[in-house]
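>>> I would like to see how this sequence folds:
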Amino acid sequence: MTTQIISMKKIILLFVIIFGISISAEAQSKFGLGIIAGEPTGISAKMKLTDESFVDGAVGWSFAKYSSVHIHADYLINVKKFATEVPFYVGIGGRIKIKNNDKKEDTRVAVRVPVGLAYEPSTVPIYVFFEVVPMLDVSPATELNWNAAIGIRYYFN
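Numbers count the residues shown, from 1 in each chain. Next up is the predicted model:
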């Protein structure tokens, strides 16, 4: 019985968090939420700070070496637009891969440098992107790595 009450409390808390995020998302005119596939694969979000700068992040699963839960956040800047709807961007950020006990691997922390190309149609509130991300693992050991992914986000107005 106690376990059922704890589980119900967790479910209610999860719904409250999701509801709060959705209200915050709708209050923001430039908040996008969607999916990312590749390395990692999961849920992706992006918030516009200015016309040319953004913060984005993802929570997902990494299937590459040291596979585990992957969480990253980046600060991005559009550096060139090939057309009104096709920006080229670069940025800097961080990534953490949570310890994978099944494989006895440690938590890994890295500095990310995403480079990407996007498509932002002016008639539909979506954002499609492709990015390649060189990374430097700084913990538990120094190692060069990289990610690549495609994704799509829906922008809430």
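
>>> in the chain, which residue is closest to the centre?
residue 58 (1.9 Å; CA atoms, centre = their mean).

>>> contact partners of stretch 148-157?
Outside of stretch 148-157, the residues within contact range by CB atoms under 8 Å, 6 or more residues apart in numbering are 25-26, 28-41, 44-46, 58, 125-133. The C-beta positions use only the backbone N, C-alpha and C, and glycine is treated the same way.

>>> any chance of a PyMOL selection covering the buried ones in those?
Those of those that count as buried under 16 or more other CB atoms under 10 Å are selected in PyMOL with:
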select buried, resi 25+31+32+33+34+35+36+38+39+40+41+44+45+46+58+127+129+131+133
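
>>> from the contacts of stretch 148-157, which land in strands?
31-38, 41, 44-46, 58, 126-133 (DSSP state E).

>>> with adjacent residues omitted, what lies nearest to residue 144?
residue 136 (6.1 Å; CB to CB, 6 or more residues apart in numbering).

>>> same question for residue 41.
residue 60 (5.0 Å).

>>> how about the strands in this structure?
For the chain, applying DSSP E gives strands covering 31-38, 41-48, 53-62, 68-83, 86-97, 108-112, 115-119, 126-139, 143-156.

>>> quick one: mean pLDDT over the first one.
This means strand 31-38. Strand 31-38 shows a mean pLDDT of 96 in the predicted model.

>>> and the third one, by the same measure?
Confidence for strand 53-62, expressed as mean pLDDT, is 95.
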